[in-house]
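*Asks:* using only what follows, build the 3D model:
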Amino acid sequence: MPIDPQLVRLICFDVDGTLADTDDQWVNRFAAALGYLPRLFPRVQPERIARRTVMALETPGNLLFNIPDQLGWDDEIAWCIHQLNRLGIGKRKPPFWLVPGVLGLLDALALRYPLAVVSARDEAGTMAFLDSHQLAPRFQSIITGQTCTHTKPFPDPILEAARLAGVHPSACLMVGDTTVDIIAAKRAGAQSVGVLCGFGEEAELRKAGADVILASTAELASILPL
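*Replies:* As a prediction, this is how the structure comes out:
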């Protein structure tokens, strides 16, 4: 069913595939690695293979990503990654891409609604993205994969964002590109919007219970009063 805009008192945004154009970034890297294939097989399209692979890995990737959270190892793993980065091992230096139209959307929404980040990324990765585009001041709270005992698809991060904003969870609108975003919203009693600019497919987002499906995060302004 469509969302009820009059109920919305807090808008929560996922990061990867929702604010950050992560899937296109991964596709481009993978396609570049497959660049030799057309020389061997002229009909092969590396970009098409790369996109299908990245999209296909979304669901099993989310399942694997949540194993450390289920075991309570996420903080320890984040610490290990931080230490490796300090040593220059595995440290990523690519630019962070914004989903087109997101910056203007956030500026418009912030005039009317409190905004929150609800990401499964670790704190360092979340802040690195937000700081790269000076986005952090636009958000009332920033919930990462390390903020709560459990991250998405558990409802805990959305419940925490609601608590910090002083609103009931039913007054939250979760915007995300994967099934874990939608499931977390449903479990929290929040409304949800699935966006197709990231890793999720329309059929799986609908099956998970998204109230609305949009082609891009930037289209959110079309369903909310500004």
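
*Asks:* where in this structure is pLDDT low?
*Replies:* 1, 23-95 (pLDDT under 70).

*Asks:* quick one, strands of it?
*Replies:* 10-13, 115-118, 141-143, 172-176, 191-195, 212-214 (DSSP state E).

*Asks:* what's the fourth one packed up against?
*Replies:* Right, strand 172-176. Counting contacts by 3 or more CB pairs under 8 Å, 6 or more residues apart in numbering; DSSP states H and E, strand 172-176 is packed against strand 10-13, helix 156-165, helix 179-188, strand 191-195. (C-beta placed from N, C-alpha, C; glycine too.)

*Asks:* between the third one and helix 156-165, how many degrees?
*Replies:* Meaning helix 179-188. With axes from the mean of the first three to the mean of the last three CA atoms, to 10 degrees defining the directions, helix 179-188 sits at 60 degrees from helix 156-165.

*Asks:* pull the residues that contact helix 179-188.
*Replies:* For helix 179-188, contacts defined as CB atoms under 8 Å, 6 or more residues apart in numbering pick out 14, 18, 59, 62, 66, 118, 120, 152-155, 157-159, 162, 169, 172, 174-176, 191-192, 194, 200, 204-205, 207-210.

*Asks:* now do the buried residues in stretch 131-147.
*Replies:* 133, 135, 138-147 (16 or more other CB atoms under 10 Å).

*Asks:* and stretch 190-203, end to end?
*Replies:* Across stretch 190-203, the terminal residues are separated by 20 Å (CA to CA, to the nearest Å).

*Asks:* buried stuff in that stretch?
*Replies:* For stretch 190-203, burial by neighbour count (16+ other CB under 10 Å) applies to 190-201.
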